[in-house]
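K.L.:
return atomic coordinates for the entry below.
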Amino acid sequence: MGPSFNEQFDQHGVWRRDFALQLKRLADWMSSHELMDAAVQERLHRLEEQVRSDKVMVAFVAEFSRGKSELINAIFFAGYGRRIMPASAGRTTMCPTELGYDAAVAPSLRLLPIETRLQAQSLAEWRLRPERWQEIPLDVHDADQIAKALEKVAEVRKVSVADARALGFWHDDLADENPVPDSQGLVEVPMWRHALINIPHPLLKQGLVILDTPGLNAVGAEPELTVNLIPQAHAVVFILSADTGVTRSDLSIWREHLAISPDSMDARLVVLNKIDTLWDALNSADQVQAQMERQCRTSADMLGVPLDRVVPVSAQKGLVAKITADDLLLETSGLPVLEEALARGIMGRRQSILRATVAHGVASLRSETSRVINIRHRDLDDQMAELRSLRGKNVSVIEAMRHRIEQEQREFDLSTAKIQAVRAVHLKLLRDVFQQLGAKALKAELSELAQTLQQKGLKLGVKKIYLQTFDRLRGTLDKAQASGTEIQAMLGGTFRQLNAEFGFSLQVPQPPQLEHFTHDLNQIEQSHLQYLGVGNALKLAQPEFAERLVRAMAMRLRTVYESAANDLELWSKSATAQLDAQLRERRRSFSRRIEAVDRIQHAASGLDERIAEIEAGEDELMQLERKLHELTAKLVAPPEWAPTDRLPLPSA
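P.N.:
Residues are numbered from 1 along each chain as shown. As a prediction, this is how the structure comes out:
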């Protein structure tokens with residue numbers, strides 16, 4: 001059995017902290033040797049921010065009473081010696097609950113009232129209004145106090161059918177999905193729309209975010225949850241009950257919210273929970289094992305997933321075993337197999353993505369810095385040839401050389417006006433691209449779809465408009481890509497001219513490839529298509545629900561466009577920083593050449609001293625190159641550990 005999810009996540013956190021430290025050492029070294037230009041500084045900052053703030057979200061999704069909260073307790077919170085998430089019989093988690101850690105916020109439970117559904121703001125917008133959340137402080141040293149406070153996520157309230165309809169929990173034409181009214185005609189709805197739990201749990205401090213979701217009715221009523229949070233989770237754990245298998249409501253959740261994209265299936269794990277209900281003293285161990293394996297196969301077939309993605313578990317027995325240190329019960333519960341599956345699936349995938357991003361960033365960083373060092377090499381070579389040509393020459397020849405250098409410097413200074421003109425054209429083209437990817441342009445692209453969705457009644461023709469909207473959004477990214485190529489061509493011609501005229505070594509980097517943002521758009525399109533089918537036509541007929549859907553979609557699209565614009569901006573900085581670096585180095589070269597000639601004029605030994613200094617400078621540059629390679633190699637060195645590469649077969 002390999003390391004548990006907790007152990008591998010802890011090792012992942014150690015790697016991230018070590019990477020941040022190595023990155024700081026590199027930045028300090030580069031700054032001390034004047035190798036830090038705007039592009040390099042930006043790339044260093046982005047790398048550090050990406051690794052330091054990297055989050056890993058695991059979403060737990062299930063219908064009511066599948067043992068979801070108990071499973072979270074068993075995997076993450078057994079160290080408290082008791083249940084932390086409410087996991088008693090019946091419905092426990094009534095509102096979507098996020099567990100994470102933000103050091104800038106005191107340990108607390110924050111609850112967003114369900115009434116906020118009557119207003120248009122999205123969950124992301126409500127996060128920016130802390131005054132609308134009810135906050136309960138949490139005592140991190142008192143597990144009982146934390147558990148007691150978290151019971152509030154299970155609170156409900158009784159409302160009229162009309163109020164339930166307005167809140168999205170009652171649909172006149174979907175009688176089977178509606179809550180049952182009591183004798184007074186009132187129905188139960190959650191007290192809270194969303195809960196945020198901020199506690200300094202070791203895993204949460206290292207970037208783990210746990211999303212605990214309620215059942216089908218509550219999930220379907222919150223489009224931002226199903227089209228933003230769940231699709232962006234790095235792994236989704238879908239929980240079934242071993243005694244019932246895949247029920248009708250389980251299948252609805254799976255088909256409508258989890259199986260919408262083939263690309264996402266690798267990040268799905270199915271847990272067949274409560275296998276202890278199959279443990280029967282009247283049956284032999286082999287009979288129990290056969291029954292459990294049959295349930296796993298049936299569940300895999302019904303959900304259309306490979307058998308090895310279905311893991312049989314008893315969360316309750318696993319929690320008890322961890323608290324009582326009963327190794328035999330823990331193994332029998334199946335919990336270690338699930339933890340290893342999580343570690344293999346989530347940590348392996350997250351590590352590979354993050355390390356690929358780091359490797360690409362470090363390679364670009366090394367390339368840009370090496371270019372500056374090479375410029376210095378070339379300038380020293382030019383100065384060496386120039387000084388050696390003065391050996392044995394008289395004062396008038398040396399004076400003539402000084403005048404020639406000054407003339408070159410004046411001509412160079414006059415040429416900077418041409419360079420500034422090129423930069424102005426470059427920035428104008430870039431601003432045009434940023435406008436195409438800006439919030440105002442995005443709002444205009446979504447206006448027709450928003451108007452159609454917000455009309456009362458059935459939304460006829462909305463799917464056609466939806467598909468047309470996403471075609472235009474993809475077209476905008478294509479235009480941005482074409483603009484990047486156009487800017488590169490323009491800079492390429494200018495750089496070649498400057499290289500020929502001034503002996504520069506400017507090279508325009510390839511424009512960023514935006515295909516992965518188009519892939520993100522395709523995923524967003526797929527995640528929303530579920531709401532445009534016949535099954536959700538009645539929900540979509542409600543203007544409030546449709547408006548929340550549009551806002552959730554707009555928030556996610558804005559993130560994609562902003563990320564594309566940021567990539568283009570960093571590429572632009574990499575191109576212009578080369579120009580800045582070579583201008584700076586050329587001005588420094590002029591100053592050193594004039595200084596060397598002055599020293600030669602005033603001291604007979606000045607020429608030999610300056611030649612010796614240049615030779616020493618060459619040695620120093622070679623040392624800089626070796627040190628740069630050493631520091632960047634440490635950043636991309638593989639960790640001493642790696643996620644396990646195989647998943648044991650399910651067993652009793």
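K.L.:
which other residues reach stretch 69-81?
P.N.:
5-6, 60, 83-87, 92-93, 99, 143, 146-147, 201, 203, 208, 210, 212, 237, 239, 271, 273, 313, 315-316, 318-319, 322-323, 333, 335, 338-339, 342 (Cβ atoms under 8 Å, 6 or more residues apart in numbering). For every residue, glycine as well, the C-beta is placed using N, CA and C.
K.L.:
change it to 6 Å
P.N.:
With contact meaning Cβ atoms under 6 Å, 6 or more residues apart in numbering, stretch 69-81 is reached by 60, 83-85, 87, 92-93, 143, 315-316, 318-319, 322-323, 335.
K.L.:
of those residues, which belong to helices?
P.N.:
Among the contacts of stretch 69-81, the ones falling in helices (DSSP state H) are 143, 315-316, 318-319, 322-323, 335.
K.L.:
so what's Glu331 up against?
P.N.:
Counting by Cβ under 6 Å, 6+ apart, Glu331 has no contacts.
K.L.:
thinking again about what came up before, redo the ones in helices among the contacts of stretch 69-81 as JSON lines? Include distance to Asn228.
P.N.:
Converted to JSON lines, those look like this (distance: Cβ to Cβ, whole Å):
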{"residue": "Ala143", "distance to Asn228": "32"}
{"residue": "Ala315", "distance to Asn228": "27"}
{"residue": "Gln316", "distance to Asn228": "32"}
{"residue": "Gly318", "distance to Asn228": "31"}
{"residue": "Leu319", "distance to Asn228": "31"}
{"residue": "Lys322", "distance to Asn228": "33"}
{"residue": "Ile323", "distance to Asn228": "35"}
{"residue": "Leu335", "distance to Asn228": "30"}
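K.L.:
from those, which has minimum pLDDT?
P.N.:
Among the ones in helices among the contacts of stretch 69-81, Ala143 carries the lowest pLDDT, at 88.
K.L.:
just flag the most distant two among the ones in helices among the contacts of stretch 69-81.
P.N.:
Ala143 and Leu335 (20.1 Å; Cβ to Cβ).
K.L.:
quick one, which of these two is more surrounded?
P.N.:
Leu335 (26 against 16; other Cβ atoms under 10 Å).
K.L.:
residues in contact with Cys95?
P.N.:
Cys95 neighbours (Cβ under 6 Å, 6+ apart): 153, 190, 192, 194-195.
K.L.:
so which of these are in helices?
P.N.:
Going by DSSP H, the helices hold none of these.
K.L.:
below-threshold pLDDT in the stretch 151-300 of the chain: ranges please.
P.N.:
Within the stretch 151-300 of the chain, the ranges that satisfy pLDDT under 70 run 173-177, 215-221, 223, 226-227, 259-266.
K.L.:
so where do the strands sit in it?
P.N.:
156-159, 187-190, 192-198, 208-212, 235-241, 268-273 (DSSP state E, counting those that start in this stretch).
K.L.:
can you give me the helices in the stretch 151-300 of the chain?
P.N.:
161-167, 202-205, 216-220, 223-224, 230-232, 248-253, 285-303 (DSSP state H, counting those that start in this stretch).
K.L.:
and Thr485, which of these is closest to it?
P.N.:
Per Cβ to Cβ, nearest to Thr485 of these: helix 230-232, 29.7 Å.
K.L.:
scan the helices and strands of the protein for the one with the lowest mean pLDDT.
P.N.:
helix 216-220 (a mean of 58; mean pLDDT, DSSP states H and E).
K.L.:
which one of the contacts of stretch 69-81 is nearest Arg255?
P.N.:
Of those, the one sitting nearest to Arg255 (Cβ to Cβ) turns out to be Phe60, at 18.3 Å.
K.L.:
gap between the closest one and Ser252?
P.N.:
From Phe60 over to Ser252 the distance is 17 Å, taken as Cβ to Cβ, to the nearest Å.
K.L.:
helices or strands up against the helix with the most length in the chain?
P.N.:
Longest helix in the chain, counting residues (DSSP H): helix 543-602. The contact analysis (3 or more Cβ pairs under 6 Å, 6 or more residues apart in numbering; DSSP states H and E) places helix 543-602 against helix 38-52, helix 223-224, helix 348-388, helix 395-436, helix 439-453, helix 515-529, helix 606-636.
K.L.:
list the contacts of Gln41.
P.N.:
Gln41 touches nothing, counting by Cβ under 6 Å, 6+ apart.
K.L.:
now do stretch 35-49, average pLDDT.
P.N.:
Rounded mean pLDDT across stretch 35-49 is 78.
K.L.:
let me fix that, I meant to ask about stretch 354-365.
P.N.:
Averaging pLDDT residue by residue across stretch 354-365 gives 78.
K.L.:
can you list the buried residues in that stretch?
P.N.:
354-355, 358, 361-362, 364-365 (16 or more other Cβ atoms under 10 Å).
K.L.:
using PDB, write out every CA atom in it.
P.N.:
The C-alpha coordinates for stretch 354-365 follow below in PDB (Å, rounded to 0.1, in the frame of the first residue of the first chain):
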ATOM      1  CA  LEU A 354       2.200  22.200 -12.300                       C
ATOM      2  CA  ARG A 355       5.700  20.800 -13.000                       C
ATOM      3  CA  ALA A 356       5.100  21.200 -16.800                       C
ATOM      4  CA  THR A 357       4.100  24.800 -16.200                       C
ATOM      5  CA  VAL A 358       7.200  25.400 -14.000                       C
ATOM      6  CA  ALA A 359       9.500  23.800 -16.500                       C
ATOM      7  CA  HIS A 360       8.200  26.000 -19.300                       C
ATOM      8  CA  GLY A 361       8.500  29.100 -17.200                       C
ATOM      9  CA  VAL A 362      12.000  28.300 -16.000                       C
ATOM     10  CA  ALA A 363      13.100  27.500 -19.600                       C
ATOM     11  CA  SER A 364      11.900  30.900 -20.800                       C
ATOM     12  CA  LEU A 365      13.500  32.500 -17.800                       C
END
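K.L.:
what does that stretch contact?
P.N.:
In contact with stretch 354-365 (Cβ under 6 Å, 6+ apart) are residues 43, 47, 632, 635-636.
K.L.:
okay if I get those as JSON lines plus distance to Ser122 and neighbour count?
P.N.:
As requested, the contacts of stretch 354-365 are arranged in JSON lines below (distance: Cβ to Cβ, whole Å; neighbours: other Cβ atoms under 10 Å):
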{"residue": "Arg43", "distance to Ser122": "32", "neighbour count": "20"}
{"residue": "Leu47", "distance to Ser122": "30", "neighbour count": "23"}
{"residue": "Thr632", "distance to Ser122": "41", "neighbour count": "20"}
{"residue": "Leu635", "distance to Ser122": "37", "neighbour count": "20"}
{"residue": "Val636", "distance to Ser122": "38", "neighbour count": "16"}
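K.L.:
turn those residues into a markdown table, columns for distance to Thr298.
P.N.:
A markdown table is the format used below for the contacts of stretch 354-365 (distance: Cβ to Cβ, whole Å):
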| residue | distance to Thr298 |
| --- | --- |
| Arg43 | 51 |
| Leu47 | 47 |
| Thr632 | 52 |
| Leu635 | 48 |
| Val636 | 46 |
